[in-house]
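**Student:** A predicted structure for the sequence below; I have some questions about it.
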Amino acid sequence: MSRHVYPADMVRVLTFACVIAVHTVSTVNDIASVRFGALTMLLHFTREAFFVLTAFVLMHRYREHAPAALPFWRRRFLLVGVPYVVWSVLYTGLQLVSVPQADPVRFLLVNILTGTAWFHLYFLLVSMQFYLLFPAFRWLLRATRGHHGLLLVTSLALQVVTDLWLHDSAPAALQPYAGSIFLSYQFFLVLGGVVALHLDAVDAWIRGHTGVVVAAFVVTGVAAEAGYQVTVPTVGAIVATDVFQPVMIPWVVAVVAAFWAIGAAWTDRRGGGLATRFLDRASDRSFGVFLVHPVILWVLTIGGPDSTAAALPAPWSSVAVYLVAVVGSLLIVEVLRATPLSLVLTGKHRSTRSSQLTPRRPGGFRPASPATVGGDRTRGD
């Protein structure tokens, strides 16, 4: 039986909190701001972290038994593909409000095909590409058992080359769509899959080397920020904070490991209190929050200098908008989950009464049904 991995819930929730933070900073402030770009640089680990989590939860669920391809695809494309199309339509509508298009139908189709209806929907498009390739991905990881170190090194080398090309040499016509192609993130998918197959060893190593994890977090964070400070005078903040830079790779790995360490420590002490219930619920609602929160950011900033966000000076405007986006998104998702539109708008079936928490067990895991471990709770990845 699959085991629910509670530290992964912490990784998910903390990363989602940072997703809303980076989107808030980029929406409320000038994206070319050197000052706010310094913060954006450190927050730009989020997309790669979610691809690590995406591969991890799928390989964890299917580590022993391969899924039947057609049922797997049907379920995944229902729970992710349908919300993707629906939200692409809704966000395209918001774009058309701001910038009318001569051919709105063609504009919508291009947005759906490229994941560009809004700044976050590329993630769902890449996830669906990964779902399509997952049977082959699983076969690769199973076929290379005993050689996963070599696989990771090879994948890392390819990622470095890819990042260098995307950051410095990719054709201008490709750059707006580079984030919508799964090959742009292949190392992080491989990393998540390999960790899932070596979960006990990785979990034990992180628990036993907290000092190393903290040191790696600090060193790689300083390196990422130093890279930004060195390049920003010549290329500007937008290019200097690009996620496709080799310096981001160790930073992403360090952040995920640090978040896992926090999750492991929390797991060992979790019980049935308010904090535990909130984290469980936040993890369960995270995919819906991911889909919804840009609407709140748009409403709060659409007026430009006359918008609600502009009522406070920086950085308090970002803090206020962030809090409203977090609370507002959770409330909206809670309402949507209670309606017949829950599946198409949040990727989740309509809410029923929450089940009671299962008592914790040693080692930080508890038995759970496969649907809980690798089904709806795995998205937002």
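**Tutor:** Arrived safely, thanks for sending.
**Student:** Give the burial count for residue 311, as a bare number.
**Tutor:** 11 (other Cβ atoms under 10 Å). C-betas here are computed from N, CA, C, even on glycine.
**Student:** these two touch, right, it and residue 317?
**Tutor:** Yes - using Cβ atoms under 8 Å, residue 311 makes contact with residue 317 at a distance of 7.4 Å.
**Student:** In terms of pLDDT, where does residue 275 sit?
**Tutor:** As predicted, residue 275 sits at a pLDDT of 85.
**Student:** After the helix or strand hosting it, which helix or strand is next?
**Tutor:** Taking DSSP states H and E as the criterion, residue 275 maps to helix 274-301. Toward the C-terminus, helix 274-301 is succeeded by helix 316-337 as the next helix or strand (DSSP H and E).
**Student:** which helices and strands does the helix holding residue 275 pack with?
**Tutor:** helix 6-28, helix 82-98, helix 316-337, helix 342-346 (3 or more Cβ pairs under 8 Å, 6 or more residues apart in numbering; DSSP states H and E).
**Student:** for the ones you listed, which one sits closest to residue 228?
**Tutor:** When these are compared by Cβ to Cβ, helix 6-28 sits nearest residue 228, at 13.8 Å.
**Student:** tilt between the closest one and helix 316-337?
**Tutor:** 120 degrees (axes from the mean of the first three to the mean of the last three Cα atoms, to 10 degrees).
**Student:** Give the other helices and strands that helix 6-28 contacts.
**Tutor:** helix 34-43, helix 46-61, helix 248-269, helix 274-301, helix 316-337.
**Student:** which parts of stretch 303-323 are buried?
**Tutor:** For stretch 303-323, burial by neighbour count (16 or more other Cβ atoms under 10 Å) applies to 307, 309, 314, 317-318, 320-322.
**Student:** Which members of those residues define the maximum pairwise distance?
**Tutor:** Taking Cβ to Cβ, the two most distant members of these are 307 and 322; they sit 14.9 Å apart.
**Student:** Quick one: residues contacting residue 26.
**Tutor:** 36, 40, 119 (Cβ atoms under 8 Å, 6 or more residues apart in numbering).
**Student:** Name only those of the residues you listed that count as buried.
**Tutor:** Applying 16+ other Cβ under 10 Å to the contacts of residue 26 flags 36, 40 as buried.
**Student:** is it true that residue 36 touches residue 27?
**Tutor:** No - contact between residue 36 and residue 27 fails when scored by Cβ under 8 Å: they sit 10.8 Å apart.
**Student:** would you say residue 149 is within a helix?
**Tutor:** Yes - checked against DSSP: H, G, I helix; E, B strand; the rest coil, residue 149 lies within a helix.
**Student:** From residue 258, how far off is it?
**Tutor:** Residue 149 is 22 Å from residue 258, where distance means Cβ to Cβ, to the nearest Å.
**Student:** Which one of those two is surrounded by more residues?
**Tutor:** Comparing residue 149 with residue 258 by other Cβ under 10 Å, the one with more neighbours is residue 258, at 21 against 10.
**Student:** The more buried one and residue 159: what is the separation?
**Tutor:** Taken as Cβ to Cβ, the span from residue 258 to residue 159 is 20 Å.
**Student:** ok, now residue 129?
**Tutor:** Counting by Cβ to Cβ, the gap from residue 129 to residue 159 is 16 Å.
**Student:** Much appreciated, bye for now.
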